[in-house]
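> Quick one, what's the 3D model for this:
(one chain, ligands or ions: 1)
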Amino acid sequence: MAPVKLHDKTFDTYLSEEVIQEKIKELAAQINSDYADKKPLFIAILNGSFMFAADLFKHLTVDAEICFIKLASYKGMKSSGNVVTAIGLDQDLFGRDIIIVEDIVDTGKTLHNFLPKLEHQQPASLRIASLLHKPDATEFPLELHYVGFSIPNKFVVGYGLDYDGLGRNLKEIYQLA
Ligand code: IMP
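Sure thing, here's the model as predicted:
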């Protein structure tokens, strides 16, 4: 695929549509096996995860539910850490098997701040499925149960991920040239 230009930057193809879709089938097969007798609730984090969540969900054969949430983070007046609120999380998570769906885990900060909110509701289990992971960018270590691709610490776009609003519509994933 030819490079793409978004705003002022050029991006080269990194993961093809076929490679992404194959990997998603593998992840779904693993989840189908792990949750065979369960009814997991997927919590997809907007905006970036919308394509991954949709394609992953198509390949699930277990009874599964999905909801989409948005995270807003702000500095608490007195707390030193960031406070994360989830917009659109109206399900009761008590006793549920939860799988968080993320497009990418970079520093891990977003989920590190958000997980305690979910754990507070006492789900039966809590796992993370992320299409991409940048291990070299880790600042807040997390246990990631389902990872599509571990990638270098370079900015990527496409397949839901954006550069300043653009690039989400691309079927492939591109890396900053
Ligand atoms: P973290 O909190 O540092 O793990 O960052 C997670 C969020 O940062 C992701 O959900 C993305 O929205 C954004 N992000 C991190 N790296 C990239 C990238 O390479 N391209 C596009 N968005 C990114």
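
> Need the contact partners of the longest helix seen in the chain.
Secondary structure of the chain read by DSSP state H shows that its longest helix is helix 17-34. Contacts to helix 17-34, defined as CB atoms under 8 Å, 6 or more residues apart in numbering, come from residues 40, 52, 55-56, 59-62, 99, 129, 131, 146, 148-149, 159, 171-173. Yep, even glycine has a C-beta here, placed from its N, CA and C like the rest.

> From Ala137, how far off is Pro152?
Between Pro152 and Ala137 the computed distance is 9 Å (CB to CB, to the nearest Å).

> what are the ranges of the strands in the chain?
4-6, 9-15, 41-46, 65-75, 82-87, 97-105, 125-133, 146-150, 156-157, 173-176 (DSSP state E).

> Name every strand pairing with the first one and say which way it goes.
In other words, strand 4-6. Strand pairing for strand 4-6, determined by DSSP bridges: strand 9-15 (antiparallel).

> Is there proximity between the strand it pairs with and the ligand?
No - among the residues of strand 9-15, none lie within reach of the ligand under CB under 6 Å from any ligand atom; the closest is 10.0 Å away.

> list the buried ones in that strand?
Buried residues in strand 9-15, defined by neighbour count with 16 or more other CB atoms under 10 Å: Lys9, Phe11, Thr13, Tyr14, Leu15.

> thinking again about what came up before, so for Leu115, which of the strands of the chain sits nearest?
Ranking these by proximity to Leu115 (CB to CB) places strand 125-133 first, at 7.1 Å.

> May I ask which helix or strand of the protein has the lowest mean pLDDT?
Ranking every helix and strand in the chain by mean pLDDT, DSSP states H and E puts strand 82-87 at the bottom, with a mean of 80.

> Can you flag the weakest of the strands of the chain by average pLDDT?
Per-stretch mean pLDDT for these is lowest at strand 82-87 (a mean of 80).

> Contact partners for Ser150?
Contacts of Ser150 were listed using CB under 8 Å, 6+ apart, and they are Leu132, His133, Lys134, Pro135.

> And for Phe94?
With contact set as CB under 8 Å, 6+ apart, Phe94 has these partners: Gln121, Gln122, Pro123.

> Next, count neighbours for the second one.
Going back to what we said before, that points to Gln122. Look at Gln122: counted by other CB atoms under 10 Å, it has 11 neighbours.

> And for it, nearest residue in space, chain neighbours not counted?
Phe94 (5.3 Å; CB to CB, 6 or more residues apart in numbering).

> So which residues on this protein come close to the ligand?
Within the chain, the residues that sit near the ligand (CB under 6 Å from any ligand atom) are 48, 102-110, 155-157, 161.
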